[in-house]
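Q: Have a look; sequence and predicted model below, questions after that.
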Amino acid sequence: MDRLIDIIWNGNPPARAREGVHVQAGRVRETIAAAELARSDLTSENGGYRLEIDPESLDWVRFERAVRIGHNKFRAGSLGGAVSTLSHALSLWRGTPLAGIADSDELQTFSTTMTELYLSARETRIECMTELDMNREVVCEATSLVREHPYREDLYRYLMIALYRSRRRTDALIVYRDLQNLLRTELGIDPDPMVTDVFQCILHQSPIPPGTRIGQPERQVYAV
């Protein structure tokens, strides 16, 4: 019970914290009953609570597994399969995990880890679509993500490649210029060499070779 209280209120519980936990436990039981979750129950144990739940009823479990399978397909060279599996994983996403309740350090860590896994899935799917010349899809998705996450340089690289292959060379060069200005102004650094290599190909109107991540360290996939 004490650990649960600490997680919920991040070490600063109200005076009647235990009563609050009991009330919320009742609501959890009602939710489980209403959802008719198989092999799931919340029971009292040693002054606290024990939640038994079928892992398959948890969207984050299914999401994490699908992302991992998608990454494995990508590494095996099954790009179309990776796109399909990662698209399924992303269809399970419902927005920021624990939004509105992730005030404690432990819950915030979980939320951050899951969000990073989500972004990794989107980046890998975009990379696969880039290799498959799905340029229209890459432009739409990468443009949106660049606005939301302006410091993730891989996104700019995929966007530049897709624009260039769509005969939008000027737009591709502008994307690089915007990234360069951002990094120099905010951090005092230049873009990653792999981004710059793509820029040079576009600038000199040279073909961009397949395998956009050749020589790049493998992206970290976070376990949860």
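A: Right, received. Where do you want to start?

Q: And the strands in this structure, which stretches?
A: 41-45, 48-52 (DSSP state E).

Q: what number of residues lie near residue 83?
A: 23 (other Cβ atoms under 10 Å). From N, CA and C alone the C-beta is placed, and that goes for glycine too.

Q: Excluding chain neighbours, what is closest to it?
A: residue 128 (4.9 Å; Cβ to Cβ, 6 or more residues apart in numbering).

Q: and that neighbour, what does it touch?
A: 74, 79-80, 82-83, 86 (Cβ atoms under 8 Å, 6 or more residues apart in numbering).

Q: again, only this time at 7 Å
A: 74, 79, 82-83 (Cβ atoms under 7 Å, 6 or more residues apart in numbering).

Q: Quick one, grab the pLDDT at residue 31.
A: pLDDT for residue 31: 77.

Q: Please report the distance of it from residue 57.
A: From residue 31 across to residue 57, the span is 11 Å (Cβ to Cβ, to the nearest Å).

Q: Among the two, which residue is more densely surrounded?
A: Higher neighbour count among residue 31 and residue 57: residue 57, with 15 against 12, using other Cβ under 10 Å.

Q: ok, the more buried one touching residue 32?
A: No: checked against Cβ atoms under 7 Å, the pair residue 57 and residue 32 is beyond contact range at 9.1 Å.

Q: need the helices for the chain, in chain order.
A: When assigned using DSSP state H, the helices of the chain occupy the ranges 2-9, 17-35, 59-75, 79-91, 105-131, 135-148, 153-165, 169-186, 193-203.

Q: Among these, show me which one is buried the most.
A: helix 153-165 (a mean of 24; mean count of other Cβ atoms under 10 Å).

Q: Provide the contact partners of that helix at residue level.
A: So helix 153-165 is contacted by 123, 126-127, 130, 133, 135, 138-139, 142-143, 145-146, 149, 171-172, 175-176, 179, 191-192, 194-195, 198-199, 202, 208, 212 (Cβ under 7 Å, 6+ apart).

Q: shared neighbours of residue 57 and residue 32, which are they?
A: residue 40.

Q: wait, isn't residue 208 in contact with residue 198?
A: Yes: between residue 208 and residue 198 a contact is recorded at 6.2 Å, counting by Cβ under 7 Å.

Q: ok, back up a step: look up how far residue 82 lies from the residue nearest to residue 83.
A: Computed as Cβ to Cβ, the residue 128 to residue 82 distance reads 5 Å.

Q: intersection of neighbour lists for those two?
A: Common contacts of residue 128 and residue 82, defined by Cβ under 7 Å, 6+ apart, comprise residue 74.

Q: rewinding a little: and residue 109, which of the strands of the chain is closest to it?
A: strand 48-52 (19.2 Å; Cβ to Cβ).

Q: Direction included, what does that closest one pair up with?
A: strand 41-45 (antiparallel) (DSSP bridges).

Q: Please state the offset of the partner strand from the chain centre?
A: Taking Cα atoms, centre = their mean, to the nearest Å, one finds the center of strand 41-45 at 32 Å from the center of the full chain.

Q: what angle separates that strand from helix 17-35?
A: 150 degrees (axes from the mean of the first three to the mean of the last three Cα atoms, to 10 degrees).

Q: neighbouring contacts of strand 41-45?
A: 25, 28-29, 32, 49-52.

Q: Alpha carbons of it, in CSV - could you do that?
A: Extracted C-alpha coordinates of strand 41-45, given in CSV (Å, rounded to 0.1, in the frame of the first residue of the first chain):
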residue,chain,number,x,y,z
ASP,A,41,-9.2,-9.4,-11.0
LEU,A,42,-8.1,-7.0,-8.3
THR,A,43,-7.8,-8.6,-4.9
SER,A,44,-6.8,-7.4,-1.4
GLU,A,45,-3.5,-8.8,-0.2
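
Q: Nice, that's everything, thank you.
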